[in-house]
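Student: A structural model of the following input is requested.
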Amino acid sequence: MNGILDYIAQETNGKNYKSFKFCFDSIKIPEIIYDDKREIKVKRYGETDKIQKPKSLEKLSKDIVGKEPLFKYFLDGSRRTYKVDDIAYDKKLYPIIAGQIGVGICVRETTDDFKAYKNSIYLVLSLPNRANAKTQNDKLFYNNLTKKVNNLKILNNKGINITNILPYDDSPLKGSDKYEDKGIAKIQDEMIALEKKAVFELVKDKRLNQNTFFRHRDIGHFFGHFLDILKMIPPYIVVCKITNTIY
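Tutor: Have a look, this model is predicted:
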C-alpha cells in the first residue's frame with residue numbers, strides 16, 4: 001500500500017506520512033451524518049386499490065401458497081473502511097480512507113432453492129477534495145488518477161484493481177466533525193450507488209416483472225436513495241418495508 005500512497009502523493013503534490021493504520025470496524029464506528037437530508041414528498045402512490053376499509057387477503061394468500069416465490073431476488077451491500085495514511089496539503093493533514101465494498105444478490109427459484117446469483121467486490125480510496133489542484137473537473141481528474149494508479153506494477157503483479165477514487169469535502173470542520181467521517185460517508189454513498197446499479201442491471205436483464213419481485217435487506221435505509229431509480233423500474237416491483245405495501 002505504501003508504494004501506491006507514495007505515487008498518489010506525488011501525483012497530487014501532497015506529502016504522505018506513514019501513519020498508524022486501522023480498520024474503522026474494529027473501533028467505535030463514527031456515525032455518518034449526511035448533508036442531504038431531504039424531506040420526501042410523495043406526489044403519486046402506487047396502490048391501485050383505493051379502499052378505505054380493511055380487506056381480507058385470505059383468498060389471495062391461499063392462491064399464492066404452492067406457487068413460485070413472489071420475492072425472487074434479495075440484494076444487500078456492505079462495506080468495510082480503513083484509515084491507511086495521512087496526507088498533507090498546504091501543511092494540513094487529511095486522512096486517506098480505503099474501502100472494501102461488496103454487493104451481493106441471492107436468488108430463490110423455489111421455496112427450497114436459495115443460492116447466490118451475483119456477487120461483486122469493489123476497492124475504493126477516498127482523498128480530500130484538494131488533492132485535485134490541477135483542474136476544475138473533479139470527475140475527469142479522479143478518473144485519470146484511478147487509471148494511473150491501476151497501471152502501477154505493484155497492483156498489476158497482485159491482480160488488484162482500484163474501482164474508484166472518491167474526493168471528500170475538506171472544508172473547515174465544524175463542531176465535532178471529522179474528516180474521517182467525511183471519507184467514510186463518500187464510501188457509503190458509493191456502496192449505495194453500486195446497489196442501485198445492481199438493481200438497474202436486474203431490470204435491464206428483464207429479471208424483474210409483475211411476478212418476480214426483489215427485496216433489499218434494509219429497504220428503510222435504502223428508501224431515501226431509492227427514488228433515483230424508480231423511473232427505470234415498473235411500479236409493481238418496488239417493495240417497501242416501511243409500510244409493508246407492495247407498489
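
Student: where are the low-confidence patches of this structure?
Tutor: Scanning the chain for pLDDT under 70 picks out 1-2, 19-42, 44-46, 210-247.

Student: Strands along that one, start to end?
Tutor: 15-17, 22-23, 71-89, 92-110, 113-128, 164-168, 213-216, 239-240, 245-246 (DSSP state E).

Student: Can you add mean neighbour count and distance to residue 152 and give those strands back as a markdown table?
Tutor: C-beta: built from backbone N, CA, C; applies to glycine. As requested, those are exported to a markdown table (neighbours: other CB atoms under 10 Å; distance: least, CB to CB, whole Å):
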| stretch | mean neighbour count | distance to residue 152 |
| --- | --- | --- |
| strand 15-17 | 16 | 15 |
| strand 22-23 | 12 | 23 |
| strand 71-89 | 19 | 15 |
| strand 92-110 | 19 | 15 |
| strand 113-128 | 16 | 13 |
| strand 164-168 | 21 | 13 |
| strand 213-216 | 19 | 36 |
| strand 239-240 | 16 | 43 |
| strand 245-246 | 14 | 49 |
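
Student: Out of the ones you listed, the one nearest residue 54 is which?
Tutor: The closest of the strands of the chain to residue 54 is strand 245-246. By CB to CB, the value is 14.1 Å.

Student: Could you point out the longest helix of the protein?
Tutor: Ranked by residue count under DSSP state H, the longest helix found in the chain is helix 179-204.

Student: Now do that helix against strand 92-110: the angle between them, please.
Tutor: Orientation of helix 179-204 against strand 92-110 (axes from the mean of the first three to the mean of the last three CA atoms, to 10 degrees) gives an angle of 30 degrees.

Student: Mind giving me the packing neighbours of helix 179-204?
Tutor: strand 71-89, strand 92-110, strand 113-128, strand 164-168, strand 213-216, helix 219-226 (3 or more CB pairs under 8 Å, 6 or more residues apart in numbering; DSSP states H and E).

Student: Give me the distance from that helix to the chain's centre.
Tutor: Offset of helix 179-204 from its chain centre (CA atoms, centre = their mean, to the nearest Å): 2 Å.

Student: Buried residues in it, which are they?
Tutor: 179-196, 198-199, 202-203 (16 or more other CB atoms under 10 Å).

Student: repeat for stretch 53-72
Tutor: By neighbour count with 16+ other CB under 10 Å, stretch 53-72 contains the buried residues 69, 72.

Student: Quick check: beta-bridge partners of residue 95?
Tutor: Taking DSSP bridges as the rule, residue 95 bridges to residue 86.

Student: ok, it touching residue 181?
Tutor: No - at 9.8 Å, residue 95 does not count as touching residue 181 under the criterion of CB atoms under 8 Å.

Student: which ones are touching the most centrally placed residue in the chain?
Tutor: Among the residues of the chain, the one closest to the centroid is residue 191, at 1.3 Å (CA atoms, centre = their mean). Applying CB atoms under 8 Å, 6 or more residues apart in numbering, one finds that residue 191 lies in contact with 77-79, 99, 101, 103.

Student: how about JSON lines for the residues you listed, with distance to residue 60 added?
Tutor: Formatted as JSON lines, the contacts of residue 191 follow (distance: CB to CB, whole Å):
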{"residue": "77", "distance to residue 60": "32"}
{"residue": "78", "distance to residue 60": "35"}
{"residue": "79", "distance to residue 60": "38"}
{"residue": "99", "distance to residue 60": "44"}
{"residue": "101", "distance to residue 60": "39"}
{"residue": "103", "distance to residue 60": "33"}
